[in-house]
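J.: predicted model follows, preceded by the sequence.
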Amino acid sequence: RLASVSTAPPDSILGLTEAFLADTNPNKMNLSVGVYKDASGKTPILECVKEAERRLIDDESTKGYLGIDGLPAYREHVRQLVFGDRVEADRIAVLQSPGGTGALRVASDFLVTQLSPIRIWMSSPTWANHPAIFNAAGLPSDTYRYLGSDRTSFDVDAMIEDLDTKTSPGDAILLHACCHNPTGIDPTPDQWKQIAETVAMRQLLPLIDFAYQGFGDGLTEDTLGLYTLLDAVDEAIVCTSFSKNFGLYSERVGAVCLIAADAGAMKASQSQLKAIVRSNYSNPPRHGGAIVATVLDDAKLTDQWKGEVEQMRQRITRLRTDFVTTMKTTGQGHDFSFLLPQRGMFSFSGLTPMQVDQLKQKHGIYIVGSGRINVAGMSEEKMQQLCDAVAAVLES
Ligand code: PLP
Ligand code: TYF
């Protein structure tokens with residue numbers, strides 16, 4: 001029987017790291033997968049996380065199962081961090097999940113089992129795992145236009161037109177709360193208002209992917225789009241992740257948050273979310289959630305965390321600026337200033353698939369086929385080398 005199983009294609013992003021590891025070019029550079037690296041090229045464990053882990057070693061008294069929806073203290077901190085007092089607490093269900101990906105899968109299962117027939121609308125482009133997760137859950141998906149034809153700007157008019165003319169009432173719409181992956185291009189505050197009005201008018205249910213809180217303009221600032229939406233609609237699902245802003249990638253810690261119109265509706269949906277989790281992974285892993293709760297329970301550790309997020313954010317901004325400046329003075333000189341307003345780990349370079357391939361083959365530099373560069377993986381030390389290679393493929 002197993003002889004009939006065919007080989008799955010490699011993941012469009014993670015597959016590149018496999019190719020990178022096999023590359024013998026001594027100057028190779030991996031700017032594909034969205035992982036933050038410090039000046040020494042490492043993905044560090046945050047100081048506040050180390051301290052929380054030391055405390056957990058001393059104080060944690062059990063490895064017994066968590067409830068289906070996770071650690072209560074963790075869930076409360078997620079609620080406060082993401083929603084503040086913008087939404088009444090008794091309208092929000094928070095379930096701890098295995099990363100943002102787990103949250104997206106639980107949310108997808110919920111849409112399919114509770115709200116079918118339903119379709120979800122995704123930006124074009126979006127993170128490649130979005131359609132994969134929706135497909136796996138059996139959730140029909142389609143796309144709205146997002147990136148302008150110049151490949152460097154957000155075409156809000158095209159997005160609104162697609163929502164106005166293609167969606168049906170009751171459909172879901174996937175939105176990136178900040179740091180749009182893969183483009184790095186976020187709506188302005190006015191554009192968020194336009195989007196929120198259209199979402200409300202078309203009676204769409206927003207599914208908001210909030211994987212990069214703190215990497216755009218700051219932890220609080222990055223809630224602007226989310227809050228603009230929540231002012232316009234009274235139902236939404238928000239999927240959060242602490243992979244990036246706590247550097248807890250491998251601990252798998254995130255949350256699925258459901259906002260209902262009132263406490264009664266919230267309770268019913270919460271019970272369905274729990275039923276979905278029970279037959280999937282049963283209950284979430286403890287360690288990552290315990291780390292986050294330990295940090296956010298302690299004012300000093302919380303301040304330390306905020307400082308560390310700010311450092312990561314500023315380093316990425318600096319690297320993006322450095323790249324633009326260095327490209328100006330490299331080769332024939334290249335204007336990448338359109339990258340400057342982009343936010344988050346990624347920049348959409350506008351490089352064509354052929355140029356991306358040349359970067360890999362001739363220079364050992366790995367970026368995603370769409371032209372997405374992980375800015376958070378650049379380094380000061382290798383900036384000139386990177387820019388020389390980009391200039392070379394642009395000029396060849
Ligand atoms: N959503 C987006 C847009 C992402 O880029 C990521 C991670 O790269 C995630 C969700 C989920 O990440 P994780 O499952 O590691 O928390
Ligand atoms: O670079 C990206 O866009 C992501 C990163 O379990 C990632 O694909 C890698 C592994 C994972 C979730 C996200």
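T.: That came through fine. Ligands and ions are numbered 1, 2, ... in the order given.
J.: closest residue of the stretch 1-150 of the chain to ligand 2?
T.: Across the stretch 1-150 of the chain, the shortest distance to ligand 2 (CB to the nearest ligand atom) belongs to Gly34, at 3.1 Å. For every residue, glycine as well, the C-beta is placed using N, CA and C.
J.: repeat for the stretch 201-350 of the chain
T.: Ser243 (6.9 Å).
J.: what are the neighbouring residues in contact with that residue?
T.: Neighbouring residues of Ser243 by CB atoms under 8 Å, 6 or more residues apart in numbering: Gly99, Gly100, Ala211, Tyr249, Arg252, Val253, Gly254.
J.: surely the last one and Phe242 touch.
T.: I take that to be Gly254. Yes. Using CB atoms under 8 Å, Gly254 is in contact with Phe242, at 6.3 Å.
J.: before we move on, the earlier item: who wins for neighbours among the contacts of Ser243?
T.: Of all the contacts of Ser243, the highest neighbour tally under other CB atoms under 10 Å goes to Val253, namely 32 neighbours.
J.: distance of that residue relative to ligand 1?
T.: In this view, Val253 and ligand 1 are 7 Å apart by CB to the nearest ligand atom, to the nearest Å.
J.: look at that residue and report its pLDDT.
T.: With respect to pLDDT, Val253 scores 98.
J.: residue contacts, it?
T.: Counting by CB under 8 Å, 6+ apart, Val253 has contacts 96, 98-99, 241-243, 246, 284-285, 288-289, 291-292.
J.: again, only this time at 10 Å
T.: By CB atoms under 10 Å, 6 or more residues apart in numbering, the residues touching Val253 are 70-71, 74, 78, 96-100, 102-103, 240-243, 246, 284-292.
J.: filter these down to the ones near ligand 1?
T.: Gly99, Gly100, Ser241, Ser243 (CB under 6 Å from any ligand atom).
J.: need those residues in a markdown table (columns: pLDDT and secondary structure).
T.: Below are the ones next to ligand 1 among the contacts of Val253 laid out as a markdown table (pLDDT from 0 to 100; DSSP: H, G, I helix; E, B strand; the rest coil):
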| residue | pLDDT | secondary structure |
| --- | --- | --- |
| Gly99 | 98 | helix |
| Gly100 | 98 | helix |
| Ser241 | 98 | strand |
| Ser243 | 98 | coil |
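J.: between those residues, which is closest to Phe83?
T.: Phe83 has its nearest neighbour among the ones next to ligand 1 among the contacts of Val253 in Ser241, at 15.6 Å by CB to CB.
J.: rewinding a little: joint contacts of Gly254 and Phe242?
T.: Val78, Gly99, Gly100, Ala211, Leu248, Gly288, Gly289, Val292.
J.: could you find the closest non-adjacent residue to the residue of the stretch 1-150 of the chain closest to ligand 2?
T.: Met345 (4.9 Å; CB to CB, 6 or more residues apart in numbering).
J.: Ile208 now?
T.: Going by CB to CB, 6+ apart, Ile208 has Val238 as its nearest residue, at 4.6 Å.
J.: my understanding was that the one you found contacts Ala107; is that so?
T.: Yes. Counting by CB atoms under 10 Å, Val238 does reach Ala107; the two are 8.9 Å apart.
J.: and these two? Which one has more around it.
T.: Between Val238 and Ala107, Ala107 has the larger neighbour count (other CB under 10 Å), namely 30 against 27.
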